[in-house]
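**Q** attaching a predicted model along with its sequence, questions to come.
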Amino acid sequence: MPGFAGELSDRQIATLGNYLTRSFGNSAATVSANQVKELRLRPASVGS
């Protein structure tokens, strides 16, 4: 699957994450744009 990191903003990814978790019944989970930004800065781990 090709990468799409540059296609969506941090806010768009947070919105999508919130939509998906709520769609599957987890209304307590919340993702913020700042959390997405922090995760993007972390180096990718191999095998996870």
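**A** Looks like it arrived, so ask away.

**Q** right, and residue 18 touches residue 31 too?
**A** Yes - counting by CB atoms under 8 Å, residue 18 does reach residue 31; the two are 5.5 Å apart. In this view, the C-beta of every residue, glycine as well, is placed from N, C-alpha and C.

**Q** give me the number of residues near the residue lying closest to residue 30 once chain neighbours are set aside?
**A** What sits nearest to residue 30 in space, not counting adjacent residues and going by CB to CB, 6 or more residues apart in numbering, is residue 18, at 6.2 Å. Neighbours of residue 18 under the rule other CB atoms under 10 Å: 16.

**Q** which SS class is residue 18?
**A** helix (DSSP: H, G, I helix; E, B strand; the rest coil).

**Q** need the pLDDT of the residue most central in space within the chain.
**A** Against the mean C-alpha coordinate of the chain, by CA atoms, centre = their mean, the closest residue is residue 13 at 4.7 Å. On pLDDT, residue 13 comes in at 94.

**Q** cool, and the one 10 residues further on?
**A** The pLDDT attached to residue 23 in the predicted structure is 94.

**Q** my guess is residue 17 meets residue 31, correct?
**A** Yes - with contacts counted by CB under 8 Å, residue 17 reaches residue 31, the gap being 4.0 Å.
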